[in-house]
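A.B. asks: Sharing a sequence plus its predicted fold:
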Amino acid sequence: MTLVNPHWLIPDWPAPPGVRAVFTTRQGGVSAAPWGSMNLGDHVGDAPAQVAANRALLAQATGARPVFLQQVHGSAVLRLDEATPQGQPADAATTSQRGIACTIMVADCLPVLLTDVDGSAVAAAHAGWRGLAGQQGRGVLEQLCEHFWAPAQQGRAQAAINTIAWLGPCIGPAAFEVGAEVRAVFVESHPGAAACFTAGAPGKYFADLAGLARLRLQALGITQIFGNDGSAAWCTVGNASRFFSHRRDAGVSGNGFATTGRMAACIWLE
């Protein structure tokens, strides 16, 4: 990895040698306001040349090829190689090829990064509440782990034990207000999820998105989970100078685009 912007976040987790990861912040790029400055989203109204320059800065800093997805709040998983084009529809990716960065864009949703203890593969997921919930308790994390563990010459339980996860910044539990129907989706499939919701206005609840992801990962057998603990420092809404936030900043510009930039979580094998 070459020189990474000092404002960006390097995960503090016991990743094996050769596994690298970074989470960009809103600093370090060339975009003008309101996308200032390290906007990586090409779908939010920012000038294409500025987005391209920011993506080039990311590639230069990582020394890898970031592969961006067309994220749709679903649970599809893409296996990446050197021929994978940009902008494929999926909300998670995995690779065992070196120099290819699984890249997830966020502006309130939760990025989840995975590696195995051998450093033979990496993966990343975009976990908003819809993708996390999925259908009947099977969402993007369940789908990703199925793909991530498929090549392993071991049982599912051992593969889970050998998996290390990191949760990045996202909208925090003091800011993420949802309806009762969202709570019901999670609690119906996992009763323990009730602990991740606190009462808000009538018919509303505050949801701990990172806490819900931890529950899902733990249910899959993953015990090594690092990063976002739900505290204020990880909240994209509450840290305006550091993080983009769609919920906080999503005004609509004259051209019809939401005026919120996108950050990226990247993981790759050197």
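C.D. replies: All right, it came through fine.

A.B. asks: next helix or strand past whatever helix or strand Leu215 lives in?
C.D. replies: Per DSSP states H and E, Leu215 falls inside helix 209-219. Sequence order places strand 224-227 as the next helix or strand after helix 209-219, per DSSP H and E.

A.B. asks: What pairs with that following strand, parallel or antiparallel?
C.D. replies: Pairing partners of strand 224-227, with direction, according to DSSP bridges: strand 163-167 (parallel).

A.B. asks: so what secondary structure elements neighbour the next helix or strand after the strand it pairs with?
C.D. replies: Proceeding N to C from strand 163-167, the next assigned helix or strand is strand 177-179, under DSSP H and E. Here strand 177-179 touches strand 204-207, going by 3 or more Cβ pairs under 8 Å, 6 or more residues apart in numbering; DSSP states H and E. From N, CA and C alone the C-beta is placed, and that goes for glycine too.

A.B. asks: got any ranges where this structure has weak pLDDT?
C.D. replies: 1-3, 251-258 (pLDDT under 70).

A.B. asks: what's near enough to touch Trp129?
C.D. replies: Residues in contact with Trp129 (Cβ atoms under 8 Å, 6 or more residues apart in numbering) are Val178, Val182, Ala207, Leu209, Leu212.

A.B. asks: Assign a three-state SS to Gln60, would you?
C.D. replies: Three-state assignment for Gln60 (DSSP: H, G, I helix; E, B strand; the rest coil): helix.

A.B. asks: Tell me how many other residues crowd Arg135.
C.D. replies: Actually, residue 135 is Gln rather than Arg. Residues lying near Gln135 (other Cβ atoms under 10 Å) number 9.

A.B. asks: mind checking the backbone torsions on it?
C.D. replies: As for Gln135, its main-chain torsions (degrees, to the nearest 10) stand at phi -120, psi 120.

A.B. asks: partners of it in the sheet?
C.D. replies: Assigned bridge partners for Gln135, using DSSP bridges, are Arg138.

A.B. asks: where along the stretch 1-150 of the chain do the helices fall?
C.D. replies: Using DSSP state H, counting those that start in this stretch, the helices found in the stretch 1-150 of the chain span residues 48-62, 129-133, 140-149.

A.B. asks: okay, the ones you listed in JSON lines with distance to Gly261 next?
C.D. replies: What follows is these, written out as JSON lines (distance: least, Cβ to Cβ, whole Å):
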{"stretch": "helix 48-62", "distance to Gly261": "9"}
{"stretch": "helix 129-133", "distance to Gly261": "20"}
{"stretch": "helix 140-149", "distance to Gly261": "23"}
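
A.B. asks: Out of these, flag the one nearest Phe243.
C.D. replies: Among the helices of the stretch 1-150 of the chain, helix 48-62 comes nearest to Phe243, with 15.5 Å by Cβ to Cβ.

A.B. asks: wait, Arg98 sits on Glu270?
C.D. replies: Yes. Contact criterion Cβ atoms under 8 Å: Arg98 and Glu270 qualify, at 6.4 Å.

A.B. asks: chain center to stretch 161-181: distance?
C.D. replies: Mean C-alpha position of stretch 161-181 versus that of the full chain (Cα atoms, centre = their mean, to the nearest Å) differs by 10 Å.

A.B. asks: Can we start the residue count at 4 from this point?
C.D. replies: Happy to do that; since the first residue is 4 now, the last one works out to stretch 164-184.

A.B. asks: ok, now how distant is Arg29 from Gly264?
C.D. replies: 6 Å (Cβ to Cβ, to the nearest Å).
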